[in-house]
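>>> Everything below, folded, please.
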Amino acid sequence: MRRLPALVALGSALAFSACATSVTRMDPNAVKDISGRWDDTDSRLVADEMISSCLSRPWLADAQAKLGKNPTVIVGHVSNQSQEHIATDTFIEDLQRSLINSGKVDFVASRNERGDVRDERRDQDVNASASTRNANGQETGANFMLSGVINSIVDQEGGRAVIFYQIDLKLLNMTTNEIAWIGQKKLKKFVERPRASW
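Next up, the predicted model:
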């Protein structure tokens, strides 16, 4: 009879340990697709491929010739019109990183970032010495704006689904509103999972 409480305690400990959370650190660049939905790998690879395509097109050489320097680019709004939550801010950061690291264009801050900088300059007007103060009205204007949309189509039956993503980006000339470049990337994923999880 004394063995029964010990067995119950051991069983409880085993059951508790089976339900405990397990965490494994991963390389941030490692590919680990669990759900089949849009993830960090999709964001990074799509941004790198599309920016590489954008910067290999004739608009860049034309702009450099007309301006006598690298054109200045800003990333505008990327709209998520897919059927799932997508962190478009992360995708925008991936686009910005690819553009800046290319060394082929100059880059200006986003609207939100510019707002923070302008607030700081207003504070400097009051609190900073004249020799270190940064004046208003000295910002670099963008020559081109990159914006886009992410769409998806899900074809699902039972525990199987095909998820199709289409990412469209446009580069607009800020002076003329002409479209300087259009890029498109398509992804398709086949996902199998238990029926109940859909």
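
>>> And the helices in this protein, which stretches?
For the chain, applying DSSP state H gives helices covering 3-19, 40-54, 58-67, 88-102, 111-127.

>>> Nearest to V154, out of these?
Among these, the nearest to V154 by Cβ to Cβ is helix 40-54 (15.0 Å). For every residue, glycine as well, the C-beta is placed using N, CA and C.

>>> contacts for that closest one?
With contacts defined as Cβ atoms under 8 Å, 6 or more residues apart in numbering, helix 40-54 is touched by 28-29, 31, 33, 60, 87, 90-91, 94-95, 97-99, 102, 146, 165, 167, 169, 171, 181, 183, 185, 187.

>>> out of those, which are buried?
The neighbour count (16 or more other Cβ atoms under 10 Å) marks 60, 91, 94-95, 98-99, 146, 165, 167, 169, 171, 181, 183, 185 as buried among the contacts of helix 40-54.

>>> Widest-spaced pair of those?
Pairwise distances across the buried ones among the contacts of helix 40-54 (Cβ to Cβ) peak at 26.3 Å, for the pair L60 and Y165.

>>> Is R37 in contact with I163, as I believe?
Yes: look at R37 against I163 with Cβ atoms under 8 Å: they come within range, at 7.0 Å.

>>> Looking at the two, which is more packed in?
I163 (21 against 18; other Cβ atoms under 10 Å).

>>> Test my guess that that one contacts K189.
Yes: with contact defined as Cβ under 8 Å, I163 reaches K189; the gap is 4.7 Å.

>>> which neighbours do those two share?
When contacts are counted by Cβ under 8 Å, 6+ apart, I163 and K189 have G36 as shared neighbours.

>>> What distance do you get for K104 to S147?
K104 sits 19 Å away from S147, going by Cβ to Cβ, to the nearest Å.

>>> try F107
Counting by Cβ to Cβ, the gap from F107 to S147 is 15 Å.

>>> now I153
Distance of I153 to S147, computed by Cβ to Cβ: 22 Å.

>>> who has more neighbours, those two?
The neighbour comparison of I153 against S147 (other Cβ under 10 Å) goes to S147, with 17 against 12.

>>> from what I can see that one touches L172, true?
Yes: the pair formed by S147 and L172 meets the contact definition of Cβ under 8 Å, at 7.2 Å.

>>> Might you report the residue contacts of the residue lying closest to Q184 once chain neighbours are set aside?
Nearest residue to Q184, sequence neighbours excluded (Cβ to Cβ, 6 or more residues apart in numbering): D168, at 5.2 Å. When contacts are counted by Cβ under 8 Å, 6+ apart, D168 touches G148, V149, N151, I182, G183, Q184.

>>> Please pick the buried ones from those.
Buried members of those, scored by 16+ other Cβ under 10 Å, are G148, V149, G183.
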